[in-house]
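Colleague: Need a 3D model of the following:
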Amino acid sequence: MDSSGSIKTLFAPIQRLMSVASHLHSRRFKVVVCRNLGPDVMSILEASPELDLVVWPQDSACERSWLMENISGATGVIVMLTDKVNAELLDKAGPSLKVVSTMSVGYEHIDLKEAAQRGLKVGYTPDVLTDAVADLSVMLALMAGRNGGTGVDLVQRGQWANFSWAPFGLCGPQLSTTAASPTRKIGFLGFGRIAQVTLARLVPFGITHCLYSSNPSSPPNHTRDAALAKQHKLQAVSKVDIDELARESDVLFVLAPGGGETYHIVNETLLRNMKRTSILVNASRGTLVDSDALAKALREGWIWGAGLDVVEGEPNVTIDHPLVKEPRCVIVPHIASATLETRLAMATRAAQNLIGAILGSEMPSQVNLSDVS
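Modeller: Numbers count the residues shown, from 1 in each chain. Now for the predicted structure:
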């Protein structure tokens, strides 16, 4: 007991420790959210009392100026594809930033090198949109082959009554097999999760062969391919070079990742090798397809049609765009993941990734930055 002999003096150190512990426990982490994620997901974030949420208040793309103004001192940020995460933003955020969570499977809008150098964690939303993208890929193949874009336009312009029926008017190549046409070869540029799920959806159309081309450095997976062929009762599932893929595919689905290695991989050379009755579908990244080359291929009849969910330079795709001018090119505005179920799952995953990174629990989907240099 000290000279004062008071109990208060004896317990003072313990009280100070309790005060520090209470302060640490009550610490709140600033989190910037670039879009309101709806009541189901915002409630997940709001249920964590440790998070101090700063949410973009408008039902529109987050303005860069608002993000730059509010990111300072944040521990985490949830971004959309439209939000560029670069050195400028990360510098403004400062050393407190620990995690960037994007509500997307792609992360081209995030400078991964900068994130890795700063020791940040990056979350994304793979897997949850696989089924929705596969559904849309099949839809685009059908619309492009069966002149769906032209037909819809005809009705919406009030010209149906003026359309002169003809025995082969508005006809196109049939996706399914027939007695007179018993073989269908479906090609995939990229053969990951989405491509394999798309393949499963196409089986009831009677397809007979699956061809694919993927990373040249990856050896063929004969065991998996044989299992897929047996599962879907196909004559073959085969990895081929890109020239054979173009030459043999009745429908070619572009489902490979973006980046420098695949930039304009669908070019004039590939398109010239395709069948005149073939369909090209792109539901991955617009940069994989050379738009001018595709427009030329459609205009000159090298291929039958194209169905696109993505276009290089989007959303700046105006009525004067060369692909918009082509009647056999069906374009939808990057809506492959746009189902109620999928977008809810993506938003939920983005929130879970952020919470896991900040509070020290598991991040369900984290980008591997170990090889980024």
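Colleague: State the helix or strand in which the closest residue to residue 132 other than its chain neighbours lies.
Modeller: Using CB to CB, 6 or more residues apart in numbering and skipping residues adjacent in sequence, the residue nearest residue 132 is residue 342, 4.2 Å away. All C-beta spots, glycine's among them, are computed from the backbone N, C-alpha and C. Taking DSSP states H and E as the definition, residue 342 sits inside helix 340-359.
Colleague: any idea which helix or strand carries residue 182?
Modeller: Assigning secondary structure by DSSP H and E places residue 182 outside every helix and strand.
Colleague: With residue 105 as the reference, measure out to residue 284.
Modeller: The gap separating residue 284 from residue 105 is 10 Å, by CB to CB, to the nearest Å.
Colleague: So for those two, which sits in the more crowded spot?
Modeller: Under the criterion of other CB atoms under 10 Å, the comparison of residue 284 against residue 105 puts residue 284 first, with 27 against 23.
Colleague: Checking that one next. Helix, strand or coil?
Modeller: Going by DSSP: H, G, I helix; E, B strand; the rest coil, the secondary structure assigned to residue 284 is coil.
Colleague: residues in contact with it?
Modeller: 190, 254, 255, 256, 257, 258, 310 (CB atoms under 8 Å, 6 or more residues apart in numbering).
Colleague: list the buried ones in the helix holding residue 342?
Modeller: Residues of helix 340-359 classed as buried: 342-343, 345-358 (neighbour count, 16 or more other CB atoms under 10 Å).
Colleague: can you check stretch 287-305 too?
Modeller: Going by neighbour count (16+ other CB under 10 Å), the buried part of stretch 287-305 is 287-291, 293-298, 302-305.
Colleague: Can you give me the first-to-last residue distance of it?
Modeller: As for stretch 287-305, its first-to-last residue distance stands at 19 Å under the measure CA to CA, to the nearest Å.
Colleague: roughly how far out does that stretch sit from the chain middle?
Modeller: Average the C-alpha atoms of stretch 287-305, do the same for its chain, and the two points are 23 Å apart (CA atoms, centre = their mean, to the nearest Å).
Colleague: Same question for stretch 306-320.
Modeller: On CA atoms, centre = their mean, the centre of stretch 306-320 falls 16 Å from that of its chain.
Colleague: quick one: average confidence on it?
Modeller: Across stretch 306-320, pLDDT averages out at 96.
Colleague: quick one, helices of the stretch 151-300 of the chain?
Modeller: In chain order, the stretch 151-300 of the chain shows helices spanning 193-202, 222-232, 242-248, 268-273, 291-300, with DSSP state H, counting those that start in this stretch as the criterion.
Colleague: Residue 122: which of the ones you listed is closest?
Modeller: Relative to residue 122, the nearest member of those by CB to CB is helix 193-202, separated by 19.5 Å.
Colleague: Quick check: mean pLDDT of the closest one?
Modeller: Mean per-residue pLDDT for helix 193-202: 97.
Colleague: again, but for stretch 241-250
Modeller: With pLDDT averaged residue by residue, stretch 241-250 scores 98.
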